[in-house]
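[1] Okay, structure incoming, though there's no sequence with it:
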């Protein structure tokens, strides 16, 4: 018999520990993945609701913020409007302050202009004095040292106007009235050869006819031709009716001079006094004492009115405008 070799029985392969570990890890991985899938599916709903709520909250916050921004914009616009009004009020207050500061100067300037106009156009000395005093009072309230020269010039003009008003006294007007009343007693200038002849001793009348005829012829010849020296100024003879009108016109001249003095018009007064002086010297007997006294009084009044001159009120006005120009 042949001996056949006996084959050993198959043996089971031995399991490696690494394979079991890998299987375990795979199982754990699957469980983890399943749990992760479950968790993700579950958290997705939770996160979705949460995100939705958060988004809604954010939208509401944005809406509220938009409303707040709109309200803030409205408030900002209102505030800007108030700021603009305040700036406008500040500018107006500043302009009003400057206006109030220069108001006294402008009022004083108007008063100075009024004083000059009333003096030179209306010859109203009292009104001009009042305007100057008011202008000085307005400048004194300004309390500005730059206005001191202006006030000094106003004071000088007030002094000159007072001197002018003192010259226009009622005594001058009364003197003119007295001179007008004295005109009726002034003698007219009548040449000696036209004067009434003085009472002479009656001439001896010759008894002879031829002697009487020759004496009459000689007397008539002497009266027919007269040789006399012509005076430098022709003396006009006036009829009695014209003498009356001469005296009345001379009175009117003096009354016109009186009215001109009372109306503060020295030029008109001087013109009437000059005309009265010419008339008296031409038509009245200047050698008579009454006429001489009349002419002396008339010359004194003419001298007083000749010195009357309207002062210029421009210096204070010029100085005030210079101060206003630098302010």
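    Nice, I can see it. Every value quoted in this text rests on a predicted model; they were computed, and no experiment measured them.
[2] Poorly predicted segments of the stretch 151-300 of the chain, please.
    The stretch 151-300 of the chain contains residues with pLDDT under 70 at 164-170, 190-207, 225-240.
[3] Quick one: the helices in it, in order.
    In the stretch 151-300 of the chain, the segments counted as helices under DSSP state H, counting those that start in this stretch are 170-182, 209-224, 240-262, 266-283, 289-306.
[4] helices and strands around the fourth one, which ones?
    Think helix 266-283. helix 240-262, helix 289-306 (3 or more C-beta pairs under 8 Å, 6 or more residues apart in numbering; DSSP states H and E). Heads up, the C-betas are built off the backbone N, CA and C, glycines and all.
[5] Report the buried residues of the longest one.
    To tie it back to what came earlier, the one meant is helix 240-262. 246, 247, 250, 251, 253, 254, 256, 257, 258, 260, 261 (16 or more other C-beta atoms under 10 Å).
[6] same check, this time on stretch 125-135
    Neighbour count says stretch 125-135 has 125, 128, 129, 131, 132, 134, 135 buried, by 16+ other C-beta under 10 Å.
[7] what about the first one, distance to residue 160?
    Right, residue 125. Distance, residue 125 to residue 160, by C-beta to C-beta, to the nearest Å: 10 Å.
[8] same thing with the third one?
    Residue 129 is 10 Å from residue 160, where distance means C-beta to C-beta.
[9] Could you do the fourth one as well?
    Using C-beta to C-beta, residue 131 is found at 14 Å from residue 160.
[10] Tell me how many other residues crowd residue 274.
    By other C-beta atoms under 10 Å, the residues close to residue 274 number 16.
[11] Mind putting the buried residues of helix 240-262 into a markdown table with distance to residue 316?
    Supplementary listing: the buried residues of helix 240-262 in a markdown table, determined by distance: C-beta to C-beta, whole Å:
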| residue | distance to residue 316 |
| --- | --- |
| 246 | 49 |
| 247 | 48 |
| 250 | 43 |
| 251 | 42 |
| 253 | 38 |
| 254 | 37 |
| 256 | 34 |
| 257 | 32 |
| 258 | 33 |
| 260 | 28 |
| 261 | 27 |
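[12] farthest pair in those?
    For these, the maximum inter-member distance is 23.4 Å, found between 246 and 261 (C-beta to C-beta).
[13] State the distance from the residue nearest the centre of the chain to residue 143.
    Centroid-nearest residue in the chain, with C-alpha atoms, centre = their mean: residue 110, separated by 2.7 Å. Residue 110 is 20 Å from residue 143, where distance means C-beta to C-beta.
[14] Ok, residue 304 next?
    Distance of residue 304 to residue 143, given as C-beta to C-beta: 42 Å.
[15] same for the top helix by length along the chain, what does it pack against?
    Counting residues, the longest helix found in the chain (DSSP state H) is helix 17-117. For helix 17-117, the elements it packs on are helix 125-142, helix 148-167, helix 315-326, judged by 3+ C-beta pairs under 8 Å, 6+ apart.
[16] Report the inter-axis angle for the second one versus helix 240-262.
    Right, the one you point to is helix 148-167. 150 degrees (axes from the mean of the first three to the mean of the last three C-alpha atoms, to 10 degrees).
[17] just the angle between helix 148-167 and helix 17-117, please?
    Going by the same axes, to 10 degrees, helix 148-167 makes 20 degrees with helix 17-117.
[18] Tell me which residues are up against helix 148-167.
    The contact list for helix 148-167, computed with C-beta atoms under 8 Å, 6 or more residues apart in numbering, reads 108, 112, 115, 119, 125-126, 128-129, 132-133, 135-136, 139-140, 304, 307-308, 310-311, 313, 315-316, 319-320, 323.
[19] Can you report how many residues neighbour residue 118?
    A count of nearby residues for residue 118, using other C-beta under 10 Å, gives 19.
[20] And residue 24, how close does it get to residue 36?
    To residue 36, residue 24 is 18 Å away according to C-beta to C-beta.
[21] Ignore what I typed, I meant residue 213.
    194 Å.
[22] How about residue 273?
    Residue 273 sits 138 Å away from residue 36, going by C-beta to C-beta.
[23] got it, and residue 159?
    From residue 159 to residue 36 the distance is 118 Å (C-beta to C-beta).
[24] Residue 163 too?
    As for residue 163, its distance to residue 36 is 124 Å (criterion: C-beta to C-beta).
[25] Residue 121 too?
    Taking C-beta to C-beta, one finds residue 121 at 116 Å from residue 36.
[26] Check residue 152 too.
    For residue 152 relative to residue 36 (C-beta to C-beta), the value is 109 Å.
[27] quick one, which of the two is more surrounded?
    Taking other C-beta under 10 Å, residue 152 and residue 36 do not tie; residue 152 has more neighbours (14 against 11).
[28] Residue 172 and residue 301 touch, don't they?
    Yes: judged on C-beta atoms under 8 Å, residue 172 makes contact with residue 301 at a distance of 6.2 Å.
[29] what residues are up against the nearest residue to residue 261 once chain neighbours are set aside?
    For residue 261, ignoring the flanking residues on the chain, the nearest one in space by C-beta to C-beta, 6 or more residues apart in numbering is residue 269 at 5.0 Å. The contact partners of residue 269, by C-beta under 8 Å, 6+ apart, come to 257, 258, 260, 261, 305.
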